[in-house]
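Enquirer: mind looking at a prediction? Sequence and model below.
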Amino acid sequence: MDELFLQTIQMFVNASFTTQVLTLIFLLLVLVVLKHWGSQAQSTDGISH
């Protein structure tokens, strides 16, 4: 698992600037979606109780 992680980091470092930016944008989108789902789950719990 650690080896795969290191390989991913190496790929990211060796990647072009555009690829790095796209990857960062993708990670940010994932974080936003997860936060949105988390807040939705909390609000639905509040309604059901």
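Expert: Sure, I can see it.

Enquirer: can you pull the pLDDT of residue 42?
Expert: Looking at residue 42, its pLDDT is 79.

Enquirer: give me the helices and strands touching the longest helix along the chain, please.
Expert: The longest helix of the chain (DSSP state H) is helix 17-48. For helix 17-48, the contact count by 3 or more CB pairs under 8 Å, 6 or more residues apart in numbering; DSSP states H and E identifies helix 2-14 as packing neighbours. From N, CA and C alone the C-beta is placed, and that goes for glycine too.

Enquirer: make it 7 Å
Expert: Contacting helix 17-48 under the criterion 3 or more CB pairs under 7 Å, 6 or more residues apart in numbering; DSSP states H and E is no other helix or strand.

Enquirer: residues in contact with the residue nearest the centre of the chain?
Expert: Per CA atoms, centre = their mean, the C-alpha nearest to the average position across the chain is that of residue 27, at 3.4 Å. By CB atoms under 7 Å, 6 or more residues apart in numbering, the contact set of residue 27 is empty.
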